[in-house]
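In: pasting the sequence and the predicted model now:
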Amino acid sequence: MYIIECYVSYLVISLAVTMWVARTLHKNGRVFLIDAFHGNAELADSVNHLLVVGFYLINIGYVALALKASESLLTLRSAIELVSDKIGVVLLVLGFMHFFNLYVFSRLRKRARVTALPRPLPQE
């Protein structure tokens, strides 16, 4: 009875949150990447864009796979609970992806700082 409304709500909310997180990562991740690539803004922007594309593919793919519902929704309560469960899982996946991206950015930045250090003098 409420299944179409659940599908529409789930898709709208999931896609809106995914787009918001992706934009936030893209905007704020640029600074880390420019630092990691020693000021090479063009390379940083390219990598940043590729990371966002991968983020979209993974999250929208998951949203699409999780759309299916086999429960019969006879009450408004069951419909709200179904959408809530699905949105909750999407938010957890987005949170995981966010921290994964932060991990990748921090590793790139750390590696860039280590390679930017001068080589130690040879010991005599």
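Out: That came through, no problem.

In: pull out the buried residues from stretch 45-62.
Out: 47-48, 51-52, 55, 58-60, 62 (16 or more other CB atoms under 10 Å). Using the backbone N, CA and C atoms, a C-beta is placed for each residue, glycine as well.

In: meant to ask about stretch 26-45
Out: Within stretch 26-45, the residues that qualify as buried are 26, 29-30, 32-37, 44, counting by 16+ other CB under 10 Å.

In: just the helices in the chain please.
Out: 3-36, 41-65, 76-116 (DSSP state H).

In: which stretches of the protein have low pLDDT?
Out: Residues of the chain that meet the criterion pLDDT under 70 lie in 1, 112, 115-121, 124.

In: contacting residues around the closest residue to His49 other than its chain neighbours?
Out: Once flanking residues are discounted, His49 sits nearest to His26: 7.5 Å by CB to CB, 6 or more residues apart in numbering. With contact set as CB atoms under 8 Å, 6 or more residues apart in numbering, His26 has these partners: 48-49, 51-52.

In: now Ile80
Out: Ile80 neighbours (CB under 8 Å, 6+ apart): none.

In: got the helices of the chain as CSV, with distance to Gln123 columns?
Out: Putting these into CSV (distance: least, CB to CB, whole Å) gives the following:
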stretch, distance to Gln123
helix 3-36, 31
helix 41-65, 35
helix 76-116, 20
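
In: quick one: which of these is nearest Pro122?
Out: Among these, the nearest to Pro122 by CB to CB is helix 76-116 (18.7 Å).
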